[in-house]
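Participant: the following block contains a protein sequence and its predicted model.
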Amino acid sequence: MAEPKENVLMEKIVSLCKRRGFIFQSSEIYGGINGFWDYGPLGAELKRNVKELWWNTMTRLREDVVGLEATIIMHPQIWKASGHVDTFADMMRECPVTKKRVRADQVEPQTGTVYRFFGAYEVASGEELRAEFGEADLEAAVAALYREAGFSATGQLAQETALTTRQETLLTRLRQSFRFERVALLITKMQGGRVAQALAAKNACAYYRLQGMKNPCAVRADTDSGQMVEGTTDFHSESGFELGPSRPFNLMFKTYVGPVADEENVAYLRPETAQAIFAQFKNVLDSSRQKAPFGIAQIGKAFRNEVTPRNFTFRSREFEQMELEFFIKPDEAVEAIAGGVASVADAFGVPPSGGTPAKAGTPNEPQPNWGWEAWHKYWVEERIKFYEGIGLPRTTLEEYWQRPEELAHYARATVDILFKFPFGTQELEGIAARSDFDLSQHERFSGKPMGVFDEELRAAWGKLDKTKQEELWRRYFENRKKYLVKSGVEAEQASKEAREDADALAKGHYIPHVIEPSAGVDRLILALICNAYSEDQMPDEKGKPESRVVLKLHPRVAPIKVAVLPLLKNKPNLVSKAQEVRDLLRKHMNVFYDDTGAIGRRYRRQDEAGTPFCVTVDFETFEGMKEGPLAGQIDTVTVRHRDDGAQERLHISGLLAWLVERVR
């Protein structure tokens, strides 16, 4: 019996992406390259729409955020300061046989026992044999072939059974079709005690292949590490075989700048876009005339040498990020200026226990007394609102607030926005309150000041009573000292530097803290496609129910906003008018013109592409409708809605305004 497919829905989505030109495997004609993906015509439009919407939302519709576009390769000291050179690593374990590395957190528990036997077979004509002899005889003959190797296909010692004449004939054919190799099985503690079989690259397990099942070695080799092991021709077992110890494996791609490939010229492809923002913070601050709180946004490529790229485009080695670094005043400065720091309950009108809703401040109206907690919550809500606005309902998302032991050492809080993918609930975006770690690190490593001067703070500090000044000074001193000690500065030196920083605060100087919403473009594209994928039935032209695949993408992100279709391509007047409509619309949105095939088939093609509206030019366009609100009027068209197939009649003169209202 064939093994069920692991994720039928995901396989359908991947197939649709290739068939309709959303996503292709990179370098496919050469066998592909794992972890890299190309976006086809529809995918490129979808991706561009998403990035443009993010950019407009985060920068052009706000006065407190500006943009940046930085280089992919930067000075290697940037990655030293950020910690990527020393700590940006996955813990890996190595197979002692193949030397392949696997992520330590993805290895299932092992018994440490290896079963060696003589009897894996290269499939020559499995499908033909199945068709000729049938499933039952084939299974019996394969089992006999295993017995000859001293091992059964199910992982147990073989039991002698008699074969029929037909099965003996098949066994002879099998002996001629397969060659024997020494192969090892690593028995794992998997569900039901099943055997994870890992074979040499050019071999396959005859039992699984002939049964039409996925070869476990192709699925489990990297995670269970049951690779081929040299052994004797006799079946036996031995203990003690296991993966090597966990050790870090840096995920950055290394390259060289200049003609000499030596350590002095080492550089890295950036693993994230954020560090360029921190490195250019002062230049942006000075040139844009912004002041905290304000943000710097960037969209760009990043590269991580993932050991096990998986789940289609979800985890790739080359990807794009949309990141915002929003710089805010430290809470001590906020308190000195505003007289206090608003709690999240106060800032968002959430009543504290037994209290009444506060009126000062809503998620859309930041207030001067907001500290890092209110700003952090604000950006969580803003990002969820963005996802809702492009077609991901809140019901498809989850907020995961990281526990204290999960946080990075510099983070005060981190919220992961998760999406329910077909392969599991996974992260779309992280919103982290990163304190002043990043700018402080670059100040230490570069020797250049990264702080700001705030005249409002200097003036407010002078008006505080001495007790309040000492309280705020002490809190700031302790926070700076804590950071310095964690960064490796000796306690005495850390106290000295923290004291200088606290003294500077009293004079209006501080290093801004940062809230970082960081989203993956490729993950978001995949989430939108997964959420939009649907199968249903819709009547064809004759009213007969017909199955269809439809991408119910939000019109704002849909690659094609409207398809213009003449009812018949052999009627010049229909074609000419349809082309006029196309030219009218294409200056304002992406339009697709299609005159090939039956109108129903053209509708189905646009359904799969996610096109929200189809405009059809038909005979009534010239003759006028016989009934309805537009009866007798010419120059009308039929507009078909993708999701439910509903149709309505509109005049061409009002078509553009009608569409713009719905696709933007």
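Facilitator: Sure, I can see it.
Participant: report the central residue of the protein.
Facilitator: Central residue of the chain (CA atoms, centre = their mean): residue 523, 2.3 Å from the mean position.
Participant: backbone torsions only: list them for that residue.
Facilitator: Main-chain torsions, residue 523, degrees, to the nearest 10: phi -60, psi -40.
Participant: and the residue lying closest to residue 484 once chain neighbours are set aside, what does it touch?
Facilitator: Of all residues not flanking residue 484 in the chain, residue 494 sits nearest, at 3.7 Å (CB to CB, 6 or more residues apart in numbering). (Glycine included, C-beta is placed from N, CA and C.) Residue 494 makes contact with 481, 484, 485, according to CB atoms under 8 Å, 6 or more residues apart in numbering.
Participant: mind checking what helix or strand follows the helix or strand containing residue 494 in sequence?
Facilitator: Using DSSP states H and E, residue 494 sits in helix 491-505. The first helix or strand that comes after helix 491-505 along the chain, using DSSP H and E, is strand 509-510.
Participant: circling back to that earlier point, show me which of the contacts of residue 494 are buried.
Facilitator: Buried members of the contacts of residue 494, counted by 16 or more other CB atoms under 10 Å: 481, 484.
Participant: now do the buried residues in the helix holding residue 494.
Facilitator: Residues 494, 495, 497, 498, 501, 502, 504, 505 are the ones in helix 491-505 that count as buried (16+ other CB under 10 Å).
Participant: number of residues surrounding residue 412?
Facilitator: Residue 412: 17 surrounding residues under other CB atoms under 10 Å.
Participant: quick one: contacts for it?
Facilitator: Contacts of residue 412 by CB under 8 Å, 6+ apart are 372, 376, 433, 434, 435.
Participant: let's have the buried residues of helix 491-505 in JSON lines, adding distance to residue 445.
Facilitator: As requested, those are exported to JSON lines (distance: CB to CB, whole Å):
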{"residue": "494", "distance to residue 445": "16"}
{"residue": "495", "distance to residue 445": "21"}
{"residue": "497", "distance to residue 445": "14"}
{"residue": "498", "distance to residue 445": "18"}
{"residue": "501", "distance to residue 445": "17"}
{"residue": "502", "distance to residue 445": "22"}
{"residue": "504", "distance to residue 445": "19"}
{"residue": "505", "distance to residue 445": "22"}
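Participant: state the distance from the residue of the chain positioned farthest from its centre to residue 412.
Facilitator: Distance from the C-alpha centroid of the chain peaks at residue 165, with 56.2 Å (CA atoms, centre = their mean). Residue 165 sits 77 Å away from residue 412 when distances are taken as CB to CB, to the nearest Å.
Participant: okay, now the domains of the protein?
Facilitator: 1-90+251-329+375-451+515-535, 97-239, 343-370+454-510, 560-663 (automatic domain parsing).
Participant: what's the closest of those domains to residue 547?
Facilitator: domain 1-90+251-329+375-451+515-535 (6.8 Å; CB to CB).
Participant: next one: the closest one to chain centre, how far?
Facilitator: Here domain 1-90+251-329+375-451+515-535 is found 8 Å from its chain centre; the criterion is CA atoms, centre = their mean, to the nearest Å.
Participant: could I get the average pLDDT for it?
Facilitator: Per-residue pLDDT over domain 1-90+251-329+375-451+515-535 has a mean of 91.
Participant: what does stretch 488-495 give?
Facilitator: On average, stretch 488-495 scores 89.
Participant: same question for stretch 627-641.
Facilitator: 88.
Participant: and it, what's buried?
Facilitator: Neighbour counts over stretch 627-641 (16+ other CB under 10 Å) mark 630, 635, 636, 637, 638, 639, 640 as buried.
Participant: got those as a markdown table, with secondary structure and distance to residue 427 columns?
Facilitator: Formatted as a markdown table, the buried residues of stretch 627-641 follow (DSSP: H, G, I helix; E, B strand; the rest coil; distance: CB to CB, whole Å):
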| residue | secondary structure | distance to residue 427 |
| --- | --- | --- |
| 630 | coil | 50 |
| 635 | coil | 51 |
| 636 | strand | 48 |
| 637 | strand | 44 |
| 638 | strand | 43 |
| 639 | strand | 39 |
| 640 | strand | 37 |
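Participant: for those residues, which two are the farthest from each other?
Facilitator: Pairwise distances across the buried residues of stretch 627-641 peak at 17.9 Å for 635 and 640 (criterion: CB to CB).
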